[in-house]
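Trainee: Fold the following and give me the result.
(2 chains)
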Amino acid sequence: MPKKKFFSGNPTAKSDFYVEFVPNNSGGVKIDIQSKTRALHFSKLKNSCQNTLADLKVKHGTLSVIDNGGQYFVLQARIESAIKSASPNNINKSLPIFKKHAQYKSSRSRFRRSRLYLPGTQAKLMLNAGIHKPDAIILDLEDSVSPIEKDAARLIVRNALRTLNFFGAERMVRINQGKMGLEDLDAIIPHNVHLVLVPKVENAKQLKAVDDKIQSICKKCDRKDPVYLMPILESAQGILNSLEIAKASKNNVAIAIGLEDYTADIGVQRTNQGRESLFARSQVVNAAKSAGLQAIDTVFSDVNDEDGLRASVQEAKELGFEGKGCIHPRQIIPIHEGFAPSKSEIEKAKKVVIAFDEAEKKGLGVVALGSKMIDPPVVKRALQTIDLAITMELLTERWKK
Amino acid sequence: MGQKLKLIKNKAGRMIPAVVNGIKSVPFKGIGKHSPSGVKSAPPISSCQHYPESGNKVVASLKEALEKCNIKNGMTISNHHHFRNGDLVMNKVFDILAETGKKDLRWFPSASFPCHEPMIKHMENGVICHIEGSLNGPLGKYASDGNMNGLAVLRSHGGRWQAVQDGEVHIDVAIIAAPTADPFGNCTGDRGPSACGLLGFGLVDSIYADKVIVVTDNLVDFPCIPWQIQGNNVDYVVVLDKIGDPEKIVSGTTRLTKSPDRLYIAELTAKFVKAAGIMTDGFSFQAGAGGTALAFAIYLKKMMIEAGIKARFIRGGSTKYLVEMLEEGLTDYILDGQTFDLEGVRSMRENAGHVNTSPFTSYNWHGKGNFASMLDAVVLGATEVDINFNANVVTHSDGQMLHGIGGWQNCLSSKCTILPIPSFRNRIPIIVDKVTTLVGPGELIDVIVTERGIAINPKRKDLIKATKRSGLPIRKIEEIKEEVDDLVGAPLDKPNFTDEVIGVVKWVDGTVLDSIFKIAH
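Mentor: The predicted model follows:
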């Protein structure tokens, strides 16, 4: 009887690896590598295979690799995935070096105008993603990963988090729904994920479960800095429970709405005008604001329709959203430009901030602009506008001079 | 076969064969250090009394025309490559030559394409001894594997003129595929079912070859107006049903790159041109038809409109994007070297500002000046660059010879040479310690733009100073290299080269710049 093969990947997927492992009880380890770039990469590929098997404490068996130009951290993940499907009790890991450029921190109040979704198995798209300067990069384990790739995706995302430089973008992962999502957390939380997107949250309890699991992992791996949460509301139930969800965790920083699932849930077609989701979107904005969180709009899915995207961002901004999802780097600039403060907004904010500075200097408790009193939230909003204007190079940092 | 040859070291520190295909080589001496003297080569004296007074040079078939040329074994047959991958003539020519028992011919095209794969069969059976001209795709692989009899000699478009004028290459018979021709041999590329724009690459062949055959599928009554090639240089005219596959000659629509990384590189390049003060009224630039170069032209156009700036001339590779700039008044002229899409062909036919040029006007080493050096900026590609800004366009890091030089080397003489290139392709870093094959000396390459930053050649202090406060991501080339090496897992293995030479790279002045070695299998 032929021995059972355990595999990870697809032999024809570009910029990836296909790995097959046949376990054995004796005979040591055999490695077979097929590669189009053998002339340049053979030693490296061989070393990488040997080291990964050593990390996983595999002593016997045959490993066959088809290299279609993937990254080494993907090879490591593919081998680990194949080995673990062969022996599910193997608890060893093969972790790539945790690069210094992967260890920067995030902050609660940072801008989250654009968040770029990247399928968790598509390492190729991750390599240069940070260069396009999205506010956040989402390594997705949920909808963009097929069911048979879930285990491998978890390891690829984990390794990507340790390896890649996202050039200052907030490092986000979208986990799966329910139990599978909780298992995702074990793989990713120790590796400096800044924020976890929790899909299809319908009540506070679901979000609490994720938060509790994160806290227990943080304790185990001695992680001190917070892991922020962004629940995604994408059902009628979730929308109606938005306030309890918004207040369910102190680690919530934003709430997002997902309209593909929401419109399906309420049984309507999603349209460009978006009348069918006006209530849900306004509800999310209000729930977010009442809990002191950012409100984040859904993705705009037609990559080629830049005008449509710009109109959609404009509308989102008018409704009170502060960010939007994107599925292609080309969408980042239109989104940033759409959320940029207008000239008159900047001018007004400058006046408010200067009046605030003067009131402080004079030790006055009340800020006035001309004869008008200015409330603290207005000042806060003006400071945010100035920050955003500086980030977008619409204003220099030395604008007061 | 790969050849074990006596190698000598040239001024660039590269080992080159002392003799190439039986001719003693002149090793590269440094930029601007080689000035040949003497007189230019010339075709034999002809006399109009030997040609029909009626002006009708049409013969019945291609075979008859070739027979009349009295081709002997070992002769050189040339052609232009304006039909690109849609050429239906040259395979026919060599099929006839094979049929009539010819051997050891040298094929001297201005470039070859994948459609010329059948030439491999003619090399195997000894009809073709070797090819001198850019070798792409299957022919590149065939030569890389050391299967070709002589050495591949890679020349730039300008270098091809230079080699003919120096007498280094004597063309016995030139085949000029012509989209429209008259019986006298006047012909043009800008109209006809196989329209390709211009015929500039065939100009040298028409002037210097012993015998010239014009092959057309659109014969018009004398005179063919305009004529790009003069019938006074033509011996025979042949009419075939179809000489080219229009869809493969020019593309119906030129497609822009959709790669976000390449678009970003293109945008950075345009911003650099502006920040460096190059984009001023009356300036000039050249950008080819590669995806990134096209996107560069589009970003630059946007900036030109915003700043109210107009170019005096643009050199192409013309495409609809350059045509739009001409028609919208953003440039006075397109000086076109080859036409890449139907819009380019139409514009050349209709617009007096869209001018057909040739490697003689633009690139020739033996011209009394050439246009390339007058360009304010040129945007080119590369397969590899090294930390000394040397660049490679003919081989890949694994040693495979896959591309020709084209006008690339000639363009390096522009006032600002910019290479917008991704910092890695498929896990292979593009910035290396030392290029596999030296095609462009670093002292002529000014700027490298990658998605991970812009590196300016330290020699260009003026550019460094001009862009210092531009806010552009200007970095040291070593720094970008280090970042990419870390990403792709370098250092990698080196390809395992044998000591057998399979080809040489000529510099624009005819000296030998580098060798291409056979890879061990």
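
Trainee: For chain A, which segments count as strands?
Mentor: Assigned by DSSP state E, the strands in chain A fall at A:6-8, A:17-23, A:29-35, A:61-67, A:114-119, A:136-140, A:170-174, A:195-198, A:228-233, A:254-257, A:294-299, A:323-326, A:367-369, A:372-374.

Trainee: what's near enough to touch the residue of chain A at minimum distance from chain B?
Mentor: Using CB to the nearest CB, residue A:329 is the residue of chain A that sits closest to chain B, at 3.7 Å. In this view, the C-beta of every residue, glycine as well, is placed from N, C-alpha and C. Counting by CB atoms under 8 Å, 6 or more residues apart in numbering or on different chains, residue A:329 touches A:116, A:129, A:132, A:134, B:260-261, B:264.

Trainee: That one and residue B:258: what is the separation?
Mentor: 11 Å (CB to CB, to the nearest Å).

Trainee: Please apply the same query to residue A:387.
Mentor: Distance of residue A:387 to residue B:258, computed by CB to CB: 33 Å.

Trainee: Over to residue A:187?
Mentor: Distance of residue A:187 to residue B:258, computed by CB to CB: 33 Å.

Trainee: Comparing these two, which residue is more hemmed in?
Mentor: Neighbour count, other CB atoms under 10 Å in any protein chain shown: between residue A:187 and residue B:258, residue A:187 has more, with 23 against 13.

Trainee: In contact with the more buried one, which residues?
Mentor: Residue A:187 touches A:154-155, A:157-158, counting by CB under 8 Å, 6+ apart.

Trainee: okay, it: pLDDT?
Mentor: What the model reports for residue A:187 is a pLDDT of 96.

Trainee: ditto for residue A:368
Mentor: For residue A:368, the predicted pLDDT is 81.

Trainee: Pairing partners for it in the sheet, please.
Mentor: Beta-bridge partners recorded for residue A:368 (DSSP bridges): residue A:373.

Trainee: Filter the contacts of residue A:329 down to the ones in helices?
Mentor: The helices, defined by DSSP state H, take in B:260-261, B:264 from the contacts of residue A:329.

Trainee: Run through those residues and flag the ones next to chain A.
Mentor: Contacts with chain A within these, counted by CB under 8 Å from any CB of the partner chain: B:260-261, B:264.

Trainee: Most neighbours among those, please name it.
Mentor: In terms of neighbours by other CB under 10 Å, these top out with residue B:264 at 24 neighbours.

Trainee: tell me the contacts of it?
Mentor: Residues in contact with residue B:264 (CB under 8 Å, 6+ apart) are A:131-132, A:329, B:451.

Trainee: pLDDT wise, what is it at?
Mentor: Listed pLDDT for residue B:264 reads 96.

Trainee: got it, and the one 3 residues further on?
Mentor: What the model reports for residue B:267 is a pLDDT of 96.

Trainee: Over to residue A:2?
Mentor: On the pLDDT scale, residue A:2 is placed at 65.

Trainee: Now do the contacts for residue 118.
Mentor: Let's take chain A. By CB under 8 Å, 6+ apart, the contact set of residue A:118 is A:125-126, A:129, A:137-140, A:144.

Trainee: not quite, I wanted chain B
Mentor: Contact partners of residue B:118, counting by CB under 8 Å, 6+ apart, are B:91, B:94-95.
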